[in-house]
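In: Using only what follows, build the 3D model:
(chains A and B, ligands or ions: 2)
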Amino acid sequence: MLLYVNSKHWGVFIMLKFVDNIRSKPAGGIILLFVSIQIVAIIGGLLYPDSFRYLNPANIAVLLKSMSALGIMAIGVGILMITGEFDLSVGTLYTFCAIVTATVVKEYAMSPYFAMLVGVFVGMLAGVMHASIVNRFTIPSFIVTLGAMLLWKGATLLYHGAKSLRYKYESATYKTVLTGDIGVVDASFLWFLGVGAIFYFVLHHHKIGNHFYAVGGNPEAAVAIGINPKRVKLIAFMIAGGCAALSGVVAMSRVGSVQPGGGLGLELEAIAACVIGGCALMGGRGSIIGIMLGTALIYTIQDLLLLLRAPGFYFDMFVGGLIVIAAVTNVVIRKRI
Amino acid sequence: MENVNYYECKNVTKSYGNLTALDDVNFSIGKNEVVGLLGDNGAGKSTLIKMMSGVVTPDTGKIFVDGKETRISTRKESEEVAGIETIYQNSALCDDMTITRNIFMGREITTNLGFMDHKKMEETSVDVLESGVHISGIDSPLKEIGALSGGQKQAVAIARAVYFKRKILLLDEPTSALSVRETERVLQYVTELKKEDVSSVIVTHNLYHAFQVCDRFVVMSHGKVIFEKNKSDTNLEEVTEQVIKV
Ligand SMILES: Nc1ncnc2c1ncn2[C@@H]1O[C@H](COP(=O)(O)OP(=O)(O)OP(=O)(O)O)[C@@H](O)[C@H]1O
Ligand SMILES: [Mg+2]
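Out: Numbers count the residues shown, from 1 in each chain, chains lettered A, B, ... in the order given. Ligands and ions are numbered 1, 2, ... in the order given. Next comes the predicted model:
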């Protein structure tokens, strides 16, 4: 009897196995969504190579290049979200730290690498400041960083003014490291992958990662078992600030300039990327792969719409829809509705 | 020198606003002893348990470990200084994390750089879940806590405490979600712990269970200790009367 199982049953069986496998992965929903959209886009690109240039190397290069700044920022924001906190100031902090970096190079004639470290350090310091206020007064981080968002915006104007700043550097190696490319792969994309790899190990394999999930998932349990949530949140805020600063420097180096008003709005896009990638708004859930794919998905959608010559406002509508779809997919996959 | 208690707290008071959860409480745990901590809902039992494990900081009072006055103000300190391990009434587990990650939460097995040894933690989880108080239906250490039944969750919390126990095990209604058979096993286990020189405090509303395993009974009411007797000096009727009197 058992030997006679027709191929249709096997197909169903393998499908179920596959779906089960996806379900058990924290980033299952986003992987499924991402792969489906890629398959559709790739088939489209193969069928209509002339009118739908998705697989055109120039298109792929632009796509990879554009996502890195938001991606690096979203990784920090996502880790913070996993601990149950928000940082709305990352957008303006991104600009502020980039300008600090540029100034260190221009005014003090320092090496661009050193300047980059200074920028990231300032970002982490800002994170310490946000965390200290949140921890000390137990105010929601949403409020604290809403204030900080305006603070860093103002600080940028105070420190630099409203005109755009050109960022030029003499070092050829620095140019290669930050703006070079290997085929269609831009250097900034490699930075994104690198940051992703580092925080993959931190979040999923280091004990501090386990503490991020514990503090975000059940703060009382974390305390009851001997984890200090304030310390854990401090580290997460520092990561968010540092990542925001790094993404600012990477973006500025790639473009060659920085706009004082440029970063505002990125904080919400970063949160969107994290939510699409499966991070829970209340903390305790999320993964690096999910955050990275969430970012990639936003830019893929944008790219697809551009290729289809859709008017710009479609982008916002699609990303909006995507956030809801992703949230629903995650719930459905988890709860097996 | 007379027999000193291993752990003792004196004149402990804890208030939440104008509610006094612990009112001048004296409580001790001897060596190789099982203490039954009894009392009505809201009597202050869990607050006392949390105070002893360092999660709740008392307003006033002193703590003595092995006769020496000691300051315990965090969970880590109660663990390191007094060797206290606790099963909390609400289990203290994260639903979104796996069984293994919950068992080792805050006490991960790591390499020198702090990276987790997943394999070792998983193997150990399987071991602790199978030995001691074994509860069926937990088939993989990688299952998320949120997918477990109430009893299975409690079993994980018990397994965690059993694995990390040192000198004192505090059990706050550890069997409230367990079947009759599993409850028997937990009670059995608590008695056996005495042989390993581990004392325990068990909070329960089931006086039969308390009589089965405890050497001494402490009854609380409205934040105060109102009754304290060795098992040999009292009986079920007397203790019952103390617990239900208002
Ligand atoms: N964090 C808190 N904030 C305010 N009040 C609290 C807090 N924790 C406990 N209480 C109050 O302290 C009193 C004692 O609570 P506790 O949890 O110690 O009771 P209990 O004896 O464990 O009761 P039960 O048998 O129902 O578990 C209760 O009146 C409770 O409302
Ligand atoms: Mg209680």
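
In: What's the local residue count around A:Gly28?
Out: 21 (other Cβ atoms under 10 Å in any protein chain shown). All C-beta spots, glycine's among them, are computed from the backbone N, C-alpha and C.

In: pLDDT below threshold where in chain B?
Out: B:1-3, B:132, B:246 (pLDDT under 70).

In: hmm, 80 instead?
Out: Within chain B, the ranges that satisfy pLDDT under 80 run B:1-4, B:131-137, B:246.

In: Show me which residues of it sit near ligand 1.
Out: Residues of chain B lying near ligand 1 by Cβ under 6 Å from any ligand atom: B:Tyr16, B:Leu19, B:Ala21, B:Gly39, B:Asn41, B:Gly42, B:Ala43, B:Gly44, B:Lys45, B:Ser46, B:Thr47, B:Gln89.

In: which residues are contacting stretch A:128-146?
Out: Stretch A:128-146 has contacts (Cβ atoms under 8 Å, 6 or more residues apart in numbering or on different chains) with A:80, A:85-89, A:148, A:230, A:233-234, A:236-238, A:241.

In: Just the buried residues of stretch A:181-190, please?
Out: Neighbour counts using 16 or more other Cβ atoms under 10 Å in any protein chain shown place A:Val184, A:Asp186, A:Ala187, A:Ser188, A:Phe189, A:Leu190 of stretch A:181-190 among the buried residues.

In: Kindly confirm my reading that A:Ile139 is in a strand.
Out: No: going by DSSP: H, G, I helix; E, B strand; the rest coil, the assignment for A:Ile139 is coil, not a strand.

In: Give the burial count for it, as a bare number.
Out: A:Ile139 - counted by other Cβ under 10 Å - has 12 other residues nearby.

In: now, which of the buried residues of stretch A:181-190 lie within strands?
Out: Among the buried residues of stretch A:181-190, DSSP state E puts A:Asp186 in strands.

In: Distance to ligand 1 added to the buried residues of stretch A:181-190, as a markdown table?
Out: Shown next, in a markdown table, are the buried residues of stretch A:181-190 (distance: Cβ to the nearest ligand atom, whole Å):
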| residue | distance to ligand 1 |
| --- | --- |
| A:Val184 | 57 |
| A:Asp186 | 53 |
| A:Ala187 | 52 |
| A:Ser188 | 49 |
| A:Phe189 | 49 |
| A:Leu190 | 49 |
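
In: got CSV for the buried residues of stretch A:181-190, with pLDDT too?
Out: Shown next, in CSV, are these (pLDDT from 0 to 100):
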residue, pLDDT
A:Val184, 86
A:Asp186, 90
A:Ala187, 92
A:Ser188, 93
A:Phe189, 95
A:Leu190, 95
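
In: about what we covered before: which members of the contacts of stretch A:128-146 occur in helices, if any?
Out: Residues from the contacts of stretch A:128-146 lying in helices, with DSSP state H as the criterion: A:Leu80, A:Ala148, A:Lys230, A:Lys233, A:Leu234, A:Ala236, A:Phe237, A:Met238, A:Gly241.

In: Give the phi and psi angles for B:Val219, as a check.
Out: Main-chain dihedrals, B:Val219, degrees, to the nearest 10: phi -110, psi 130.

In: What residues does it make contact with?
Out: B:Leu38, B:Gly39, B:Val225, B:Ile226, B:Phe227, B:Glu228, B:Val239, B:Gln242, B:Val243.

In: Excluding chain neighbours, what is closest to it?
Out: Excluding the flanking residues, the one nearest B:Val219 by Cβ to Cβ, 6 or more residues apart in numbering or on different chains is B:Phe227, at 3.9 Å.

In: from what I can see the one you found touches B:Val218, true?
Out: Yes: taking Cβ atoms under 8 Å as the definition, B:Phe227 is a contact partner of B:Val218 at 7.2 Å.

In: of the two, who's got more company?
Out: More crowded of B:Phe227 and B:Val218, by other Cβ under 10 Å: B:Val218, with 24 against 19.

In: dump the residue contacts of that one.
Out: Residues counted as contacts of B:Val218 (Cβ under 8 Å, 6+ apart) are B:Phe27, B:Val35, B:Gly36, B:Leu37, B:Leu38, B:Val225, B:Phe227, B:Glu228.

In: Check the spacing between the residue lying closest to the second one once chain neighbours are set aside and chain A real quick.
Out: Nearest residue to B:Val35 in three dimensions, chain neighbours excluded: B:Val201, at 4.7 Å (Cβ to Cβ, 6+ apart). As judged by Cβ to the nearest Cβ, to the nearest Å, B:Val201 and chain A stand 16 Å apart.

In: The residue in chain B that ligand 2 sits nearest to: helix or strand, and which one exactly?
Out: For chain B, the residue closest to ligand 2 is B:Ser46, as judged by Cβ to the ion, at 3.0 Å. Taking DSSP states H and E as the criterion, the element that holds B:Ser46 is helix B:45-52.

In: Equivalent analysis for A:Phe121, please.
Out: Under DSSP H and E, the secondary-structure element containing A:Phe121 is helix A:112-137.

In: in that helix, what's buried?
Out: For helix A:112-137, burial by neighbour count (16+ other Cβ under 10 Å) applies to A:112, A:115-120, A:122-124, A:126-127, A:129-131, A:133-135.

In: Taking chain A, what residue is nearest to ligand 1?
Out: A:Glu220 (9.6 Å; Cβ to the nearest ligand atom).

In: Go ahead and confirm that residue touches B:Ala92.
Out: Yes: counting by Cβ under 8 Å, A:Glu220 does reach B:Ala92; the two are 6.9 Å apart.

In: Between the two, which is the more surrounded one?
Out: More crowded of A:Glu220 and B:Ala92, by other Cβ under 10 Å: B:Ala92, with 22 against 12.

In: Within range of chain B, give me the residues from chain A.
Out: Residues of chain A lying close to chain B (Cβ under 8 Å from any Cβ of the partner chain) are A:201, A:205-208, A:210-211, A:213-214, A:217-218, A:220-228, A:280, A:284-285.

In: Whichever of those residues end up buried, select them in ChimeraX.
Out: Applying 16+ other Cβ under 10 Å to the residues of chain A next to chain B, the buried members can be selected in ChimeraX as follows:
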select /A:205,206,207,208,210,211,213,214,217,218,221,222,223,224,225,226,227,228,280,284,285
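
In: So which of the residues of chain A next to chain B sit within strands?
Out: When DSSP E is applied, these are split such that none fall in strands.

In: The most centrally placed residue in chain B in helix, strand or coil?
Out: By Cα atoms, centre = their mean, chain B has its centre lying nearest to B:Leu170, at 1.9 Å. Look at B:Leu170: counting by three-state DSSP, its state is strand.
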